[in-house]
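A.B. asks: Have a look at this prediction, sequence included:
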Amino acid sequence: MSLETHSPATPGLPRLIAEGLVRYSLVLALVVVFAVFSVATPTFLTLANLQSILVNNFTLLAIVSIAMTFAVASGGIDLSVGTAVDFASFAFVSLVLAGQPVAIAALAGLAAGALVGAFNALLISGIGVSPFLATLGTLFIGRSVQQLLTNGGNPIYLPPNGVPEAFRFLGHGAIAGFPVPLAAAIVVIAAAAVVFARTRFGRIIMSIGIQPGVVRYSGIAAPAHIAVTFILIGLIASIAGLILTATVTTYIPSSGNAFLLNAIGATFIGTTLNPLGRPNVGGTVLGALLLSMVANGLLLTDLNFYWQQVGTGTLIFAVLALSFINRKATVGV
């Protein structure tokens, strides 16, 4: 009587390819979108347009999305990132208009954004309000405050001939041919990657988002870490506010809220790169790049604005759906 040994069945090549496509749906979406728009419109693949995607579409969205990544990683969300952008923009342009040095105005802008985060931290860590409700309240309060400060929402313009050179450099300057706004975004991205990968603070924040109960019973001061996280979120978002103001030399009330939904989308699209569906800096950056390419490509095709929103929403749904399918198959549910 002979004993037969059976080796575990290995999946065939077609199945491996299918699983790979689902696992890396975000990368696949980037390739497909890039290929489609390259064929659909001849101007998409030009050097000038690719630079425009990075500087005009990607830069600010990436910075705000990194801020959102910290919120989602901690198990919450921040609906007031646009408010931090706006407050930083208002403080920055107001002080420059008043004749203050650009450096002082920039510091005031950063402080204004951090103040928004500190208010959220007070509500969430101090009082115990959920991040969703706390930041939603801050969003509404911030919008009303901006209306009051600008006599009903009037933009604040800097005179074309009165813009300081340092202010103009922040929005339109270059270092060794590299645009300053894009350089700032890269610094923010790199710093966030280091925080999550190399620091105890980053590991604690991720742990709070995954197993808050375990963190609490381990003796770690979770509320204090959450408070610091939301202050940091406001500070990061304020960097986008400074760059936005320096680029358009104008403060427009509530303009920062235009980044909110795309920042949420980029962050959650980015979770598809993580096997456990956790927020990660690399995924967020690719998610922001994907949404930036879609926005630029649809604009070049002259589609109606509302159809552009339909296209963006459909793409987000498709990428997330593929990821959920892969995760469900992996855990065998």
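C.D. replies: Yep, it's here. Numbering: from 1, shown residues only.
A.B. asks: ranges for the helices of the stretch 1-150 of the chain?
C.D. replies: Remark: helices assigned in the stretch 1-150 of the chain by DSSP state H, counting those that start in this stretch are 13-23, 25-40, 47-52, 59-73, 81-97, 102-121, 131-149.
A.B. asks: my guess is residue 258 meets residue 82, correct?
C.D. replies: Yes - in this structure residue 258 lies within contact range of residue 82 using C-beta atoms under 8 Å: 7.1 Å. Every C-beta, even on glycine, is put in place using the N, C-alpha and C of the backbone.
A.B. asks: before we move on, the earlier item: residue 208: which of the helices of the stretch 1-150 of the chain is closest?
C.D. replies: Comparison of the helices of the stretch 1-150 of the chain against residue 208 by C-beta to C-beta identifies helix 59-73 as nearest, at 8.3 Å.
A.B. asks: what angle sits between the closest one and helix 102-121?
C.D. replies: 30 degrees (axes from the mean of the first three to the mean of the last three C-alpha atoms, to 10 degrees).
A.B. asks: list the helices and strands helix 59-73 packs on?
C.D. replies: With contacts defined as 3 or more C-beta pairs under 8 Å, 6 or more residues apart in numbering; DSSP states H and E, the packing partners of helix 59-73 are helix 81-97, helix 180-198, helix 200-210, helix 222-248, helix 260-270, helix 281-300.
A.B. asks: Which positions in the second one come out as buried?
C.D. replies: Neighbour counts over helix 180-198 (16 or more other C-beta atoms under 10 Å) mark 180-182, 184-185, 188-189, 192-193, 195-196 as buried.
A.B. asks: List the contacts of residue 286.
C.D. replies: Counting by C-beta atoms under 8 Å, 6 or more residues apart in numbering, residue 286 touches 26-27, 30, 269-270, 273.
A.B. asks: What subset of the residues you listed is buried?
C.D. replies: By neighbour count, with 16+ other C-beta under 10 Å, the contacts of residue 286 hold 26, 30, 269-270, 273 as buried.
A.B. asks: Throw those residues into TSV and include pLDDT and distance to residue 311, thanks.
C.D. replies: Conversion of the buried ones among the contacts of residue 286 to TSV gives the following (pLDDT from 0 to 100; distance: C-beta to C-beta, whole Å):
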residue	pLDDT	distance to residue 311
26	85	17
30	92	15
269	91	14
270	92	19
273	85	22
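A.B. asks: Closest one of those to residue 66?
C.D. replies: So of those, ranked by how close each gets to residue 66 (C-beta to C-beta), first place is residue 270, at 10.1 Å.
A.B. asks: Verify the contact between that closest one and residue 289 for me.
C.D. replies: No - contact criterion C-beta under 8 Å: residue 270 and residue 289 do not qualify, at 10.1 Å.
A.B. asks: can you list residues touching both of these two?
C.D. replies: With C-beta under 8 Å, 6+ apart as the test, residue 270 and residue 289 reach no residue in common.
A.B. asks: From the centroid of the protein, which residue is nearest?
C.D. replies: Centroid-nearest residue in the chain, with C-alpha atoms, centre = their mean: residue 65, separated by 0.6 Å.
A.B. asks: just for this protein, where's the confidence low?
C.D. replies: 1-23, 322-333 (pLDDT under 70).
A.B. asks: rerun at 90
C.D. replies: 1-29, 42, 152-153, 158-163, 175-177, 211-221, 271-277, 298-299, 301-333 (pLDDT under 90).
A.B. asks: neighbours of residue 36, just the number please.
C.D. replies: A count of nearby residues for residue 36, using other C-beta atoms under 10 Å, gives 15.
A.B. asks: and if you look at the one 10 residues further on?
C.D. replies: Applying the criterion other C-beta under 10 Å, we find 11 residues in the vicinity of residue 46.
A.B. asks: Residue 203 versus residue 58, what's the distance?
C.D. replies: To residue 203, residue 58 is 28 Å away according to C-beta to C-beta, to the nearest Å.
A.B. asks: Neighbour count for these two, which is higher?
C.D. replies: residue 58 (25 against 13).
A.B. asks: Spit out the contact partners of that one.
C.D. replies: Contacts of residue 58 (C-beta under 8 Å, 6+ apart): 182, 185, 288-289, 292.
A.B. asks: do residue 84 as well
C.D. replies: Listed by C-beta under 8 Å, 6+ apart, the contact set of residue 84 reads 67, 112-114, 116-117, 233-234, 237-238, 241, 256.
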